[in-house]
Every structure is written in structure tokens, then in C-alpha cells.
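K.L.:
here is my input; please provide its structure:
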Amino acid sequence: MKKSTLVTSIALMLVTVSFAQVNLNSSTGRVKDINTDFSFRLTDKQYDRILLESGWLSGIGDYLSIKHGGGNTETNTYGIRISDGAGFDFGKNNFSTSFLKIKTNGFVGIGTTNPTQKFEIYNSSGFNTAMENQSQDHISLISNDPGNGNYFGGITWKSGGRRRASISATREHVDSDYVGIAFFTQGTDGPGPFYESMRITRYGNVGIGTTAPDAKLTVKGNIHTQEVKVDLNGAVAPDYVFLKDYKLKSINEVETYIKSEGHLPNIPSAAEMEENGIELKQMNLKLLEKIEELTLYSIAQEKKLTAANYKLLTSDSRLQTLENKIKELESRDAKIKALEEKLEFLLKRK
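P.N.:
Predicted coordinates:
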């Protein structure tokens with residue numbers, strides 16, 4: 001009882017108020033109510049520092065602040081302040097350095113005194129690739145290890161009381177260093193599971209519609225795009241077909257191969273495509289090879305047709321010459337026949 005009364009007495013001595021009224025609990029001697037005219041101050045006289053203060057400031061409005069720095073300077077004194085003009089502040093240096101800010105419009109800021117969105121974070125440290133924690137992250141999510149094949153805690157978007165989309169880290173191996181990122185968007189209208197739509201593995205492989213991508217991009221489903229650019233990356237374009245030393249199969253050889261194998265030379269069979277799939281770069285190069293071979297066949301065929309046409313035209317010319325000679329001979333034959341008839345007529349008259 002004596003200790004409680006002493007603390008109460010010291011507190012009352014440190015409160016500086018105007019027109020204050022203090023009510024004590026008669027049975028315990030503790031302070032029951034302190035009624036003031038709003039502006040008051042509780043001071044630590046040992047260091048001459050304000051612990052609790054209420055008042056009004058321009059640009060801040062009516063406020064209530066709690067600070068405690070002991071023998072520290074104002075720069076290193078931490079505190080909280082609630083005001084009707086600036087909202088809620090947790091910081092130091094008379095709140096010019098902010099750790100947490102809640103504005104009167106509900107905007108929340110961490111590391112900034114003036115958040116412009118519902119939630120805004122400022123970190124003066126730039127991001128780096130060090131595995132060690134060096135204060136380089138704006139947000140750091142910490143979870144217990146979920147075990148191989150399971151998910152860490154994540155970030156979720158909800159609407160209508162249901163989870164609609166989420167992002168979560170996931171253990172992909174018995175080795176705890178194998179951690180990937182999973183994206184969930186396949187929710188259901190009713191109670192049911194939440195399905196993973198996309199995965200980025202530890203090695204940077206991206207899987208869409210699959211949780212085990214085996215290439216830099218693995219898609220289980222259709223792809224719709226405006227353009228695809230493929231680097232040759234060491235592959236040889238089939239212009240070698242046009243080189244003089246290229247051994248182009250004859251049409252008869254190609255026909256024999258097709259009858260024997262059931263597909264074009266240097267092209268996978270249907271069974272091989274079904275088993276192994278198709279590598280677009282290699283297949284496009286092989287198809288281009290066949291197009292270039294067809295071009296050579298077409299050129300050769302054109303040459304043959306041209307030669308045949310030339311022979312035909314030459315034959316037509318010779319035939320026309322023969323026809324003209326025949327007509328000439330027929331004309332001469334007719335004249336001779338006419339002379340013979342006249343000669344026969346004259347001989348009969350004698």
C-alpha cells in the first residue's frame with residue numbers, strides 16, 4: 001500500500017496541467033481519474049525528457065504522444081503519436097524518422113512518413129543477391145520448413161470469402177536448398193482444393209500446367225503467340241543442300257526408301273514423333289532441307305522439260321518442213337499429171 005501510494009504521488013507531481021482534477025480510489029489510494037483541459041505533460045525529471053504529452057501542433061492538430069529515451073538525445077528517442085491531422089506515427093527524432101505510419105485516410109507506410117497507397121514500404125537498402133540477410137529486402141516471409149513436396153506460407157488474394165489466387169514457396173527436393181515458387185489461380189466456386197497453375201523451379205525452369213518443368217519453359221496445353229524467334233545456337237541451316245558436293249538422292253532412291261521405311265529420309269517416323277515428340281527447331285531445319293531438295297528436283301525437272309520442249313519444237317519445225325515439201329511435191333505431181341493428159345490428147349488427134 002505504501003509503495004503504491006508513493007508511485008501515485010510521484011506521478012501526480014510530474015504531471016503539469018491546467019485546471020486539472022485528480023480523483024483517487026478511496027479504498028486503494030490509486031489514481032482513479034485525471035480530468036484536464038486536454039493540454040498536459042508527463043516529464044522524466046531525471047533527464048528532463050517528456051514521457052507523455054497531449055496538445056495541439058500546426059499541421060498535426062490535436063495529438064497524444066508517448067516517448068521514452070532516457071539519457072538519449074531526441075534523435076535516438078523512440079515513441080508513438082496519435083493525432084487527428086497526421087494519424088498514427090511510430091518513429092524517432094520527434095517522429096521525423098518513421099518506422100510505421102497510418103494516415104487518417106487509412107494508408108499504411110513502413111519506412112515512409114507519407115504513404116500514397118493502402119500499403120507502402122520504403123527501404124533505402126538496394127536489393128542484392130547475397131543469401132545472407134543484409135536488410136536488402138522490402139518484405140521477408142519466414143516459415144517453418146514444410147518438408148519435401150509441401151508449401152511454405154504464402155500471399156493470397158481473396159474475394160467472396162474464398163481464396164482466388166496465391167503465391168507460395170515450395171520444397172521441391174529432400175535437399176532444403178531446392179525451393180521454387182508456386183502460383184495458384186485455379187480455385188473452385190464451392191468447397192474444394194486450390195490448384196497450382198504455374199511453377200518456377202530452383203533452376204529457373206518455368207512450368208505452366210505442370211509442377212515438374214523439364215526445360216526453361218514447359219507448357220502442358222496450347223500456346224497462342226504472335227511471333228516465335230528461335231536462335232540456331234550452333235545448329236546448321238540446310239543451305240549445304242545447294243553445295244556441289246551434296247549427295248542428293250535420285251527420285252528413284254527416294255521412292256525406294258519410302259517404300260521400305262514408310263517416311264522421308266532424315267525425317268522421324270510417326271512412331272518416333274509419338275514417343276519422343278517434336279523439337280521445333282530441328283524439325284523446321286529438316287523440313288527446310290526437304291524444301292531445298294525439292295527445289296533442286298524442280299530445277300532439274302524444269303531443265304528436262306525445257307530440253308524436251310526444245311526437241312519437240314525442233315521436231316515440229318522439221319515436220320512442218322516435211323509437210324511443206326510434201327505439198328510442193330504434190331503440186332508438182334499434179335502439174336506433171338496435167339501435162340501427161342494434154343500430151344495423150346494430142347497424140348490421139350494425130
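K.L.:
which stretches of the stretch 201-350 of the chain form helices?
P.N.:
With DSSP state H, counting those that start in this stretch as the definition, the stretch 201-350 of the chain shows helices at residue ranges 251-261, 270-276, 280-349.
K.L.:
cool, and the stretch 1-150 of the chain?
P.N.:
2-14.
K.L.:
point out where this structure drops to low pLDDT.
P.N.:
Residue ranges of the chain with pLDDT under 70: 1-38, 188-189, 350.
K.L.:
contacting residues around the nearest residue to N266 once chain neighbours are set aside?
P.N.:
Using CB to CB, 6 or more residues apart in numbering and skipping residues adjacent in sequence, the residue nearest N266 is K286, 6.0 Å away. To be clear about C-beta, it is placed using only N, CA and C from the backbone, and glycine gets the same treatment. Taking CB atoms under 8 Å, 6 or more residues apart in numbering, we find K286 in contact with P238, N266, I267.
K.L.:
buried subset of the residues you listed?
P.N.:
Taking 16 or more other CB atoms under 10 Å as the criterion, what is buried in these is P238.
K.L.:
now render the contacts of K286 as a markdown table, adding distance to K348.
P.N.:
As requested, those are exported to a markdown table (distance: CB to CB, whole Å):
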| residue | distance to K348 |
| --- | --- |
| P238 | 89 |
| N266 | 89 |
| I267 | 89 |
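K.L.:
got the helices of the stretch 201-350 of the chain as JSON lines, with distance to R81 columns?
P.N.:
Formatted as JSON lines, those follow (distance: least, CB to CB, whole Å):
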{"stretch": "helix 251-261", "distance to R81": "85"}
{"stretch": "helix 270-276", "distance to R81": "69"}
{"stretch": "helix 280-349", "distance to R81": "63"}
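K.L.:
L217: which of those helices is closest?
P.N.:
Comparing these by their distance to L217 (CB to CB), the top pick is helix 280-349, with 12.2 Å.
K.L.:
gap between that closest one and the chain center?
P.N.:
Centre-to-centre, helix 280-349 and its host chain are 68 Å apart (CA atoms, centre = their mean, to the nearest Å).
K.L.:
quick one, that helix and helix 251-261 angle?
P.N.:
Relative orientation of helix 280-349 and helix 251-261, computed by axes from the mean of the first three to the mean of the last three CA atoms, to 10 degrees: 130 degrees.
K.L.:
coming back round to it: of all the helices of the stretch 201-350 of the chain, which one comes closest to S159?
P.N.:
Judged by CB to CB, the one of the helices of the stretch 201-350 of the chain that comes nearest to S159 is helix 280-349, at 39.5 Å.
K.L.:
the residue lying closest to F242 once chain neighbours are set aside: neighbour count?
P.N.:
Excluding the flanking residues, the one nearest F242 by CB to CB, 6+ apart is E292, at 6.6 Å. E292: 18 surrounding residues under other CB atoms under 10 Å.
K.L.:
what do you get for the one 4 residues further on?
P.N.:
For L296, the neighbour count with other CB under 10 Å is 13.
K.L.:
now do it against Y178, distance only.
P.N.:
L296 sits 52 Å away from Y178, going by CB to CB, to the nearest Å.
K.L.:
next one: N114
P.N.:
Separation of N114 from Y178 (CB to CB) stands at 42 Å.
K.L.:
same check, this time on F107
P.N.:
Distance, F107 to Y178, by CB to CB: 39 Å.
K.L.:
the two: which is more packed in?
P.N.:
F107 (17 against 14).
K.L.:
residue contacts, the residue nearest to that one when sequence neighbours are not counted?
P.N.:
Nearest non-adjacent residue to F107, counting by CB to CB, 6+ apart: P115, 4.3 Å away. Applying CB under 8 Å, 6+ apart to P115 gives the contacts K101, K103, F107, V108, G109.
K.L.:
so what pairs up with the last one in the strands?
P.N.:
The residues paired with G109 through beta bridges, assigned by DSSP bridges, are K101, E120.
K.L.:
list the contacts for it?
P.N.:
Counted by CB under 8 Å, 6+ apart, G109 has contacts S98, L100, K101, I102, K103, P115, F119, E120, I121, Y122.
K.L.:
from those, which is closest to G190?
P.N.:
Among the contacts of G109, and counting by CB to CB, the member closest to G190 is F119, at 30.9 Å.
K.L.:
number of nearby residues for the nearest residue to that closest one once chain neighbours are set aside?
P.N.:
Closest residue to F119 apart from its sequence neighbours, by CB to CB, 6+ apart: V108 at 5.1 Å. By the criterion of other CB under 10 Å, V108 has 17 neighbours.
K.L.:
which residues touch V108?
P.N.:
Contacts for V108 were tallied using CB under 8 Å, 6+ apart; they are L100, K101, I102, P115, K118, F119, E120.
K.L.:
which of the residues you listed are buried?
P.N.:
Using 16+ other CB under 10 Å, the buried ones in the contacts of V108 are K101, I102, P115, E120.
K.L.:
touching stretch 151-160 from outside, list them.
P.N.:
Residues outside stretch 151-160 that contact it (CB under 8 Å, 6+ apart): 141, 143, 146, 163-171, 179, 182.
K.L.:
could those go into CSV alongside neighbour count, distance to S331 and secondary structure?
P.N.:
What follows is the contacts of stretch 151-160, written out as CSV (neighbours: other CB atoms under 10 Å; distance: CB to CB, whole Å; DSSP: H, G, I helix; E, B strand; the rest coil):
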residue, neighbour count, distance to S331, secondary structure
L141, 12, 111, coil
S143, 11, 113, coil
P146, 14, 111, coil
R163, 14, 106, strand
R164, 14, 102, strand
A165, 16, 100, strand
S166, 19, 103, strand
I167, 15, 102, strand
S168, 21, 105, strand
A169, 16, 105, strand
T170, 22, 103, strand
R171, 20, 107, strand
V179, 15, 105, strand
A182, 21, 100, strand
